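**Student:** Got a sequence here, can you model it:
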Amino acid sequence: MTTDWQDAIAMSDELAGRLAANVKQLRQARGLTQQQMAKLSELPRATWSNIESGAANPTLSVLHRLARALHVPLEELVATPRADVKHYSKGSLPMRTRGKVHVSSLLPDKIPGTTIERLEIPSDGRLVGVPHTPGTREYLSCEVGQIVLVAAGETYRLEPGDLVVFRGDQRHSYSNGGRKTAIGYSVVLFQPVA
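**Tutor:** This is a model prediction of the structure:
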């Protein structure tokens, strides 16, 4: 049976290990040396070395400098390290069906204020979009078939390779304008709520 102080030490060691792995991975991904990162962060090179070895217990100020130099949020420094490569099998990302239209996420990770989805619209399929917060922009691209977008009372027919940009804070709908299944991609950039 472990004691509270043993649990605290184990948690501290785990966080130091995460910090070490993340900082090293982020630095190497940028193709920079510890010396170059030390200069960018205005920290001694020895500090970088200690952090990457897991031997350091940095202050919040040091963590802030690390995050700023690496251009990542502070929490990414101590998050569970990400794999260099991860394969996602077909159907493993979130998917939902609205009517006859299949809507699937294109990314496993969330991007704040953004939704990126693949739309699969059968020949008789239609999807009514929900107006988003004021100032939201939507981008609709057609990859296969023909997609008909109705936005702001106007009708737009998209062929493969076409792209339409429109305000997502208004009524809009997507439908298939052809005989075969249409595939498109939707990117929604939400306007932050003040």
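**Student:** Quick one: low-confidence residue ranges for the protein.
**Tutor:** 1-3, 5-12, 81-84, 192-194 (pLDDT under 70).
**Student:** per-domain residue ranges of it.
**Tutor:** The record's domain parsing of the chain by automatic domain parsing lists 4-78, 95-189.
**Student:** roughly how far is the longest one from the heart of the chain?
**Tutor:** Per CA atoms, centre = their mean, to the nearest Å, the displacement of domain 95-189 from the mean C-alpha position of its chain is 19 Å.
**Student:** Lys86: which of the domains of the chain is closest?
**Tutor:** Nearest to Lys86 among these is domain 95-189 (7.6 Å), distances taken as CB to CB. Any C-beta I mention is one placed from the backbone N, CA and C, and that applies to glycine too.
**Student:** my hunch is that Leu15 is in a strand, does that hold up?
**Tutor:** No - according to DSSP: H, G, I helix; E, B strand; the rest coil, the state of Leu15 is helix, so it is not within a strand.
**Student:** which residue sits closest to it in space, ignoring its chain neighbours?
**Tutor:** Spatial nearest neighbour of Leu15, chain neighbours left out: Val78 (5.5 Å); criterion: CB to CB, 6 or more residues apart in numbering.
**Student:** For Gly125, see how far away that neighbour is.
**Tutor:** 44 Å (CB to CB, to the nearest Å).
**Student:** Please look at the residue nearest to Leu15 and Gly17 and confirm they touch.
**Tutor:** No - if you go by CB atoms under 8 Å, Val78 and Gly17 don't touch, sitting 9.9 Å apart.
**Student:** circling back: columns mean neighbour count on top of the domains of the chain, output as TSV?
**Tutor:** Below are those laid out as TSV (neighbours: other CB atoms under 10 Å):
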stretch	mean neighbour count
domain 4-78	15
domain 95-189	16
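**Student:** Tabulate the ones you listed (a markdown table), appending distance to Ser89.
**Tutor:** Formatted as a markdown table, these follow (distance: least, CB to CB, whole Å):
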| stretch | distance to Ser89 |
| --- | --- |
| domain 4-78 | 24 |
| domain 95-189 | 11 |
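**Student:** Please identify which of those is closest to Tyr88.
**Tutor:** Per CB to CB, nearest to Tyr88 of these: domain 95-189, 5.9 Å.
**Student:** Would you work out how far apart the start and end of that closest one are?
**Tutor:** End-to-end span of domain 95-189 (CA to CA, to the nearest Å): 19 Å.
**Student:** swap in stretch 63-80?
**Tutor:** 16 Å.
**Student:** Would you state the helices of the protein in chain order?
**Tutor:** Along the chain, the segments classed as helices by DSSP state H run 4-29, 34-41, 45-53, 60-70, 74-78.
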